[in-house]
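S.K.: got a sequence here, can you model it:
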Amino acid sequence: MKDCPHTAALTHPEPPPLSDTCLECLALGSHPVQLRKCLACGRVSCCDSSPHQHATQHFKETGHPVMRSFEPDEQWRWCYVDGSIV
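M.R.: Residues are numbered from 1 along each chain as shown. This next block holds a predicted model:
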């Protein structure tokens, strides 16, 4: 794990999830492989192993840098800016 200046800017407690799945995948009739939650706004999106990579797309559109796994029993976080687990 790496020290990341972007985690210091996160709100505490973290925002609640805006949904329980990737709504973009649902609208496309696609199945998300793994879910990620944006720690800036709570948006739930699919990971880069999914066909549409909506979590990365969300970062590119919003600049929200840090997300965490939204899978049960996983707490790791990823910073898109630093390109590492934080």
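
S.K.: residues contacting the closest residue to Ser50 other than its chain neighbours?
M.R.: Nearest residue to Ser50 in three dimensions, chain neighbours excluded: Val33, at 4.3 Å (CB to CB, 6 or more residues apart in numbering). Where you see a C-beta, it was placed from the backbone N, CA and C, and this is true even at glycine. With contacts defined as CB atoms under 8 Å, 6 or more residues apart in numbering, the neighbours of Val33 are Cys46, Cys47, Ser49, Ser50.

S.K.: and if you look at Ala9?
M.R.: So Ala9 contacts nothing (CB under 8 Å, 6+ apart).

S.K.: what of Cys25?
M.R.: Shown in contact with Cys25 (CB under 8 Å, 6+ apart): His31, Pro32, Cys46, Ser50, His52, His54.

S.K.: how near is Cys38 to Ala55?
M.R.: As defined by CB to CB, to the nearest Å, Cys38 lies at a distance of 8 Å from Ala55.

S.K.: more neighbours: these two, which one.
M.R.: Ala55 (28 against 23; other CB atoms under 10 Å).

S.K.: for the more buried one, phi and psi?
M.R.: Torsion angles at Ala55 (phi, psi; degrees, to the nearest 10) stand at phi -60, psi -40.

S.K.: would you check that it makes contact with Asp48?
M.R.: Yes. The pair Ala55 and Asp48 qualifies as a contact (CB atoms under 8 Å) at a distance of 7.3 Å.

S.K.: show me where the chain has its strands.
M.R.: Applying DSSP state E to the chain gives strands spanning 35-38, 44-46, 66-69, 77-79, 84-85.

S.K.: to Asp20, which of these lies closest?
M.R.: Of all these, strand 44-46 sits nearest to Asp20, with 6.9 Å by CB to CB.

S.K.: low-confidence stretches in the chain?
M.R.: Scanning the chain with the threshold set as pLDDT under 70 gives 1-2.

S.K.: among the contacts of Cys25, name the ones in helices.
M.R.: Of the contacts of Cys25, the ones assigned to helices by DSSP state H are His54.

S.K.: list buried residues within the contacts of Cys25.
M.R.: Neighbour counting by 16 or more other CB atoms under 10 Å classes Pro32, Cys46, Ser50, His52, His54 among these as buried.
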